[in-house]
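S.K.: Here is a sequence together with a model predicted from it:
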Number of protein chains: 2
Amino acid sequence: MLTPSQLAALQTLIPAERIHDDAATLERYGQDWTRYTKPQAAAVVFPRSIEEVQAVVRWANAHAVAIVPSGGRTGLSGGAVAAQGEVVVSFERMNRIDQFDPLARTVRCQAGVVTAALQAFAREQGLLYPVDFAASGSSQIGGNIATNAGGIRVVRYGMTRDWIAGLTVVTGSGELLQCNLGLNKNNSGYDFRHLFIGSEGTLGLVVEATVRLCDPAPPSAVLLLAVPQLADIMAVFHAFRSRLTLQAFEFFSDQALSHVLAAEQARPPLAQRQPFYVLLECELPPSADDALVLQAFEHCLQQGWVADGVLAQSAQQAGALWRLREGISAAITPYTPYKNDISVVISRLPAFVERLQALLEHDYPDFEVLWYGHIGDGNLHINVLKPVSWALADFRRACEAVNEQVFALVAEFAGSMSAEHGVGLLKRDYLGVTRSAADRALMRGVKAVFDPNNIMNPGKLLA
Amino acid sequence: MLTPSQLAALQTLIPAERIHDDAATLERYGQDWTRYTKPQAAAVVFPRSIEEVQAVVRWANAHAVAIVPSGGRTGLSGGAVAAQGEVVVSFERMNRIDQFDPLARTVRCQAGVVTAALQAFAREQGLLYPVDFAASGSSQIGGNIATNAGGIRVVRYGMTRDWIAGLTVVTGSGELLQCNLGLNKNNSGYDFRHLFIGSEGTLGLVVEATVRLCDPAPPSAVLLLAVPQLADIMAVFHAFRSRLTLQAFEFFSDQALSHVLAAEQARPPLAQRQPFYVLLECELPPSADDALVLQAFEHCLQQGWVADGVLAQSAQQAGALWRLREGISAAITPYTPYKNDISVVISRLPAFVERLQALLEHDYPDFEVLWYGHIGDGNLHINVLKPVSWALADFRRACEAVNEQVFALVAEFAGSMSAEHGVGLLKRDYLGVTRSAADRALMRGVKAVFDPNNIMNPGKLLA
């Protein structure tokens, strides 16, 4: 809770109707999609301008109050959780899209613009904002930048990082920085834009961004393939990529499929069940015929990499296939899954998964473990489902005990302990898997430069 | 000059035959392609391993000796000049290409690999390393990364930054950092890879990189277009880009053309001379016919944006057209050109150039000023030629006097004071054009984190 004098000072900067501290608001804005931490925000502030954001940050420095930035709160690692009496700065009221530049094909967005709104705006201009993921309907561009959001099109379009031409941030000390100015080419010193992208609100607040748009995607084919052996998945990847441009290359296990089918009361997409499935989308050549797609598919069948498959014959059917992949996360939410989101270099993925599978079968005999992910990027989501009878805290402890071995394996394969979800609160203690002690010391040094009083999302990412 | 005890200590780390201090070597390795500063290196060291680089950096810290990293020394802003008794660390002996990963389509290179060697290696694998520029035959991948090299294909493929999947660096304090590990997706804290890319050797030394390769470019058409009005150039850009994928969109003035024609004793490429030319290369659709190219060209002719043009009918003719653009730099080298390398957002380019042209005509009545550049990226190279009768120092001073107004205009248009050449020594005092005082203070803070004793290329980029 803020002291009366802290609150009075804040009210001189932000009108009282945009400072909330009722229980419902504190609860709602004090957490993200993770459910492992009890929210304990002191207040929620809704600035409407960059100047107001700067004023709040300066106030926070003067009063030694910590800030948690808040976008769509769809994060999966507790990066936007306020559990220590922080003030939440919500960007909901800063959601203007302006300054579309058709020649440069960029658009300026305030941090609170919802991803889906940006995607819709791009479509209206005959263009595409290609970063897309399950939370697009709620997530905000500022949060996407802070977490370098990835998703289902990374194999084709890269991460959020690749689409930010300019970034306006308020540093932890309240300075306003213009990073890269929307330029295509700019070699004038350290690129702080990329330092802020993925920094999870620990260096400062993203207040505005100049986002690149691109040509709409060409017509594509969507296939679901049944893969008996996980070891063959990268061969399937290669068979398609060597013939066609991949738009997506997703993967899930039969167990994951079962959950989606149950949740959506849908029928199995293929007559035959197999342990693994690949959902792939590839661009069709301008002639728009399926010849190369069928050629790649036939090749995979002949080699025995694929046992069965279906090529969507309509947009509706393509949508239905996509739902099998995109529905997994929602289908398993009731099981409070413990999520690990890891990546390795794709050529090492089969060997890595084989070792990981053996490890999990050995160490989680009692838990159901689901596999899915953006396997064309080397990114695997491992979800451990909580048995109904287990208490959440016990379950988390049990999962964390197994993490030691999982992450030792990630380290052995020189992988990342967080491919796209970020580190936040939930994975903070595993940062050392991917970043050495010297590296983490440098991270702390850099944080101190931008946030000398450690008021920006303290305790997230770095201990 | 090193003291006997400094040298003795160094010789315990690096064999004496790889520590040079003869005048010719000091002269050769003490400078880059700029010719404004007298080289004054103390010694040149040729490490052969990462361990040796680390040893040299630790030695430099212990003995308070400054280091200048040295790649192909093709820089144009004095970033690799040793003018204050520094020890030059050359990466010539660290030029191994290894660990090609065909599935991930990456290759690991030591810092000293020459760009052209990497390009050739990629071709041998049926792939492409698409970053290309005039100095590719000498420049090294480590230097490319330190300066975020751009060049002629940025409009299609981006800068060096976009092709680095992993980076191994030795920081200013001698720590070895592995940045991003060659991963596609990795959200595990601050992305120091991007901080080092473009940092001009001021934070540490790039020793190894994992570079991405891509599919070879499809067949393309090369055109030279004569453009009477500079103001119409972006309309030409739009006419082609809306129909075709651009591989390059380059620009030069008729005066620049005259110099190339004289230097190469070539004939004018078009019957009619016009004040400006565009050299463009665009991908042909799979049918490989020119219909869309001709459609775009006809449209530009009809609109009066283009007065004349030629479409290369053979690879040889395409090469000849390209030489008109690529030959400019060499053709004007005898005039010791004073170079400015600036960029603005492309939609603002015509208005910017109009203002700049008026300014230069007014302020440089006695000097010949040439324009050329990668205009599809908003990047303009302005070259002021030294009259034979002027002394170099006087000429530089005269140019710097005009810089004040040029850069004030760049600032007014929110552009970059260095689009691709970097800041180095030559442009250091103009960094404030693009980076605010607060921003520069943060840069100094970050440098102190990575290089606490300020031994890494001191005086470059930051004063």
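M.R.: The structure has been received and is ready for your questions.

S.K.: now the strands: where do they sit in the stretch 151-300 of chain A?
M.R.: With strands called from DSSP state E, counting those that start in this stretch, the stretch 151-300 of chain A shows them at A:164-171, A:176-179, A:204-212, A:220-227, A:246-253, A:276-283.

S.K.: I figured A:Ile342 was touching A:Ala411, is that so?
M.R.: No: using Cβ atoms under 8 Å, A:Ile342 is not in contact with A:Ala411; the gap is 10.5 Å. Every residue, glycine included, has its C-beta placed from N, CA and C.

S.K.: If you count surrounding residues, which of these two has more?
M.R.: Regarding A:Ile342 and A:Ala411, a neighbour count based on other Cβ atoms under 10 Å in any protein chain shown identifies A:Ile342 as having more, with 31 against 14.

S.K.: and the more buried one, which of the three is it?
M.R.: When classified by DSSP: H, G, I helix; E, B strand; the rest coil, A:Ile342 comes out as strand.

S.K.: Quickly list the domain ranges of chain A.
M.R.: What automatic domain parsing lists as the domains of chain A is A:4-90, A:97-212, A:220-329, A:336-438.

S.K.: Regarding the third one, how distant is the last residue from the first?
M.R.: For domain A:220-329, the separation between the terminal residues is 25 Å (Cα to Cα, to the nearest Å).

S.K.: Same check on the second one?
M.R.: Between the opening and closing residues of domain A:97-212 we find a distance of 13 Å, counting by Cα to Cα.

S.K.: Same check on the first one?
M.R.: The first and final residues of domain A:4-90 sit 21 Å from each other (Cα to Cα).

S.K.: What of the last one?
M.R.: Distance between the two ends of domain A:336-438: 35 Å, counting by Cα to Cα.

S.K.: before we move on, back to that, okay, the domains of chain A in CSV with distance to B:Cys109 and mean pLDDT next?
M.R.: Putting the domains of chain A into CSV (distance: least, Cβ to Cβ, whole Å; pLDDT from 0 to 100) gives the following:
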stretch, distance to B:Cys109, mean pLDDT
domain A:4-90, 34, 96
domain A:97-212, 21, 97
domain A:220-329, 23, 94
domain A:336-438, 16, 93
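
S.K.: Please identify the most buried of the ones you listed.
M.R.: Burial among the domains of chain A, expressed as mean neighbours by mean count of other Cβ atoms under 10 Å in any protein chain shown, is greatest for domain A:97-212, which shows a mean of 23.

S.K.: Is it in proximity to chain B?
M.R.: Yes: on the criterion Cβ under 8 Å from any Cβ of the partner chain, domain A:97-212 is in touch with chain B at A:101-104, A:106, A:147-148, A:150, A:154-155, A:159, A:161-162, A:171, A:175-178, A:181-192, A:194-195, A:197-199, A:203.

S.K.: How about stretch A:364-373?
M.R.: No: Stretch A:364-373 lies out of reach of chain B by Cβ under 8 Å from any Cβ, never closer than 9.8 Å.

S.K.: which residues are contacting that stretch?
M.R.: Residues outside stretch A:364-373 that contact it (Cβ atoms under 8 Å, 6 or more residues apart in numbering or on different chains) are A:250-253, A:255-256, A:259, A:276, A:325, A:328, A:332, A:335, A:337, A:341, A:353, A:360, A:379-387, A:398-399, A:402.

S.K.: do stretch A:48-58 as well
M.R.: A:10, A:13-14, A:18, A:45, A:47, A:67, A:87, A:89, A:93-94, A:168, A:170-174, A:176, A:204-205, A:207-208, A:455.

S.K.: go again using 7 Å as the cut-off
M.R.: Contacts of stretch A:48-58 with the rest of the structure, by Cβ atoms under 7 Å, 6 or more residues apart in numbering or on different chains, involve A:13-14, A:45, A:47, A:67, A:89, A:93-94, A:168, A:170, A:174, A:176, A:205, A:207-208.

S.K.: Tell me the bridge partners for A:Asn383.
M.R.: According to DSSP bridges, the partner residues bridging A:Asn383 are A:Lys339, A:Leu370.

S.K.: Quick check: helices, which of the residues of domain A:97-212 next to chain B are part of them?
M.R.: Judged by DSSP state H, helices contain the following of the residues of domain A:97-212 next to chain B: A:147, A:154-155, A:192, A:194-195.

S.K.: Looking at those residues, which is nearest B:Ala263?
M.R.: Of all these, the one with the least separation from B:Ala263 (Cβ to Cβ) is A:His194, at 39.8 Å.

S.K.: Look up how far A:Pro130 lies from the nearest residue to that closest one once chain neighbours are set aside.
M.R.: In space, and not counting its chain neighbours, A:His194 is closest to B:His194: 3.3 Å by Cβ to Cβ, 6 or more residues apart in numbering or on different chains. Using Cβ to Cβ, to the nearest Å, one obtains 20 Å as the distance from B:His194 to A:Pro130.

S.K.: Hmm, A:Gly309 and A:Leu223 touching each other?
M.R.: Yes: counting by Cβ atoms under 7 Å, a contact exists between A:Leu223 and A:Gly309, whose distance comes to 5.8 Å.
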